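Asker: with the input below, show me the fold.
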Amino acid sequence: MSENNRPKKKKAKYFFDYTMLFIVVFLLLFGLVMLYSTSSYEANIKFEDSAFYFRKQAVASAIGIGVMLFLMLMDYHIVQRFTLTAYVVSLVLILLVLTPLGYEAGGARRWLNLGMSLQPAEVAKLALIIFFASIVCRFSEQIKEKKGFIIVLALAIPHAFCVLTITQNLSSAIIIVGIVFMMLFVATPQYKEYIIIAASAIALAVIIVLLVKYDILPASMSYRFARIKAWMDPESFAADKGFQTLQALYAIGSGDFFGKGLGESIQKLGYLPEAQNDMIFSIICEELGLFGAIAIILLFMLLIWRFMVIANNAQDMFGALLVVGVMAHISIQVILNIAVVTNTIPNTGITLPFISYGGSSVVFLLAEMGLVLSVSRSIQLEG
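Answerer: Numbering: from 1, shown residues only. Down below sits the predicted model:
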């Protein structure tokens, strides 16, 4: 057969998820608009600068975009070399909160002053995604056995325990455990262990709620679970733990279907505490109505779908698990935030990804997105 008659091999094309990139950029820009709308009144009262929160978040977003682009253009396999370093450094950063480097804000000691404000829990989430993606790949056969599964799952305990006890951040501890749980669930074929763990967690939660409801706990313990009481009956705790929840529900209820209009919220005018942080979704509901709230939820659902597409087509297990870890992080955080704002679960203090105020959060979320986009760039399609 002559050279001219030989069949030509199809060249492989590289895939890039422009849909995901568009969603992330849109959420960032939308978040900045809503942040300014939500925080301008409080910022003007506190700092005599209505753009104070907006400017800080815009700078953090710009840094985050730079980090995202850097990681997106880098081969994601490079981060596999730093798995143990990431694990140890993230744990040390949490412990540093106990030192003079740590400082308190909003009644909680969760931040470090390292020349810039840093929340170690956000570092831990990214570090554990990288660490467990590597560990699961390396010990995939051992994890299929019960002993190996328990050992790997136990590696998440130090971070979750320190975040819960040192920074008193229950929501971040839940997210850390949820990320690891989801990554192991995807990587292993057996489901018995997951059903047992999930059933045990639900049973424990129900028992705690019942103990709190009927005042069976000791006084010291009952005080710690006061938020559960406020969740069950926010009106009875309207002067304390239930105040923020009630104000958020007022905001949601007054928004109707199309909302009062951008910038027209009443609850942000000193009525709803920390409106720009955990409760920004309630202001979205008040200003943009149910229509705006559903639109944002649909965008997050579309983002999760793109995660699934990339994970299913990743060139190796490490890349797939990185994407699954990021997907778990964002999906759990979105669900928890909306559940808290709507009083579906007790108030745990959790931000809405890409939208709530928080420099550390947005930078590390964008770093995670950079890794996901790097995985997408490695996918080869037939030409």
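
Asker: relative to Trp231, how far out is Leu210?
Answerer: Leu210 is 13 Å from Trp231, where distance means CB to CB, to the nearest Å. Just so you know, the C-beta spots here come from the backbone N, C-alpha and C atoms, and that holds for glycine as well.

Asker: then Ser117?
Answerer: For Ser117, the distance to Trp231 - CB to CB - is 29 Å.

Asker: who has more neighbours, these two?
Answerer: When Ser117 and Trp231 are compared for neighbours, Trp231 comes out ahead with 22 against 15, by other CB atoms under 10 Å.

Asker: for the helix or strand hosting the more buried one, the averaged confidence score.
Answerer: Trp231 belongs to helix 226-232 when assigned by DSSP states H and E. Helix 226-232 shows a mean pLDDT of 81.

Asker: hmm, who's touching the very next helix or strand once past that helix?
Answerer: Counting by DSSP H and E, the next helix or strand C-terminal to helix 226-232 is helix 243-254. Helix 243-254 has contacts (CB atoms under 8 Å, 6 or more residues apart in numbering) with 230-231, 234-235, 237-238, 260, 265-267, 271-274, 279, 282-283, 285-286, 341-343, 347.

Asker: roughly how far out does helix 243-254 sit from the chain middle?
Answerer: The chain centroid and the centroid of helix 243-254 are separated by 23 Å, computed with CA atoms, centre = their mean, to the nearest Å.

Asker: list the buried residues of that helix.
Answerer: Phe243, Gln244, Thr245, Leu246, Gln247, Ala248, Leu249, Tyr250, Ala251, Ile252, Ser254 (16 or more other CB atoms under 10 Å).

Asker: remind me, longest strand of the protein?
Answerer: The single longest strand within the chain, with elements called by DSSP state E, is strand 108-113.

Asker: run through who's touching it.
Answerer: 93, 96-97, 101-105, 117-121, 166-169, 349, 360.

Asker: ok, of these, which come out buried?
Answerer: 93, 96-97, 102, 118-121, 166-167, 169, 349, 360.

Asker: tell me the two of these that are most distant?
Answerer: By the measure CB to CB, Leu96 and Gly349 form the most distant pair in those, at 20.8 Å.

Asker: now do the strands in this protein.
Answerer: 12-14, 102-105, 108-113, 117-118, 380-382.

Asker: so, low pLDDT: which residues of the stretch 51-200 of the chain?
Answerer: Within the stretch 51-200 of the chain, the stretches with pLDDT under 70 are 106.

Asker: can you rerun that using 90?
Answerer: 99-118, 137-154, 164-171, 181, 184-200 (pLDDT under 90).

Asker: quick one: the helices in it?
Answerer: 52-73, 83-95, 120-138, 140-143, 146-154, 157-165, 170-187, 192-213 (DSSP state H, counting those that start in this stretch).

Asker: what does the stretch 251-383 of the chain give?
Answerer: Going by DSSP H, counting those that start in this stretch, the stretch 251-383 of the chain shows helices at 280-313, 317-341, 359-377.

Asker: for the longest one, buried residues please.
Answerer: Spelled out, that is helix 280-313. Those buried within helix 280-313 under the rule 16+ other CB under 10 Å are 280-289, 292-293, 296, 299-300, 303, 306-307, 309-311, 313.

Asker: give me the number of residues near the nearest residue to Asp75 once chain neighbours are set aside?
Answerer: Leaving aside its sequence neighbours, Asp75 sits nearest to Ser374 (CB to CB, 6 or more residues apart in numbering; 7.0 Å). By other CB under 10 Å, the residues close to Ser374 number 23.

Asker: surely Ser374 touches Met74?
Answerer: Yes - using CB atoms under 8 Å, Ser374 makes contact with Met74 at a distance of 6.1 Å.

Asker: follow-up on the earlier one: nearest to Pro189, out of the strands of the chain?
Answerer: Among these, strand 380-382 sits nearest to Pro189 (CB to CB), with 26.5 Å.

Asker: shaky segments in the stretch 251-383 of the chain?
Answerer: Those would be 254-257, 259, 263-264, 269-275, 277-278, 315, 343-350, 358-360, 378-383, if you go by pLDDT under 90 across the stretch 251-383 of the chain.

Asker: what residues are up against the nearest residue to Ala339 once chain neighbours are set aside?
Answerer: With CB to CB, 6+ apart as the criterion, Ala339 has its nearest non-adjacent residue at 4.5 Å, and that residue is Ile345. Applying CB under 8 Å, 6+ apart, we find Ile345 in contact with Trp231, Leu336, Ala339.
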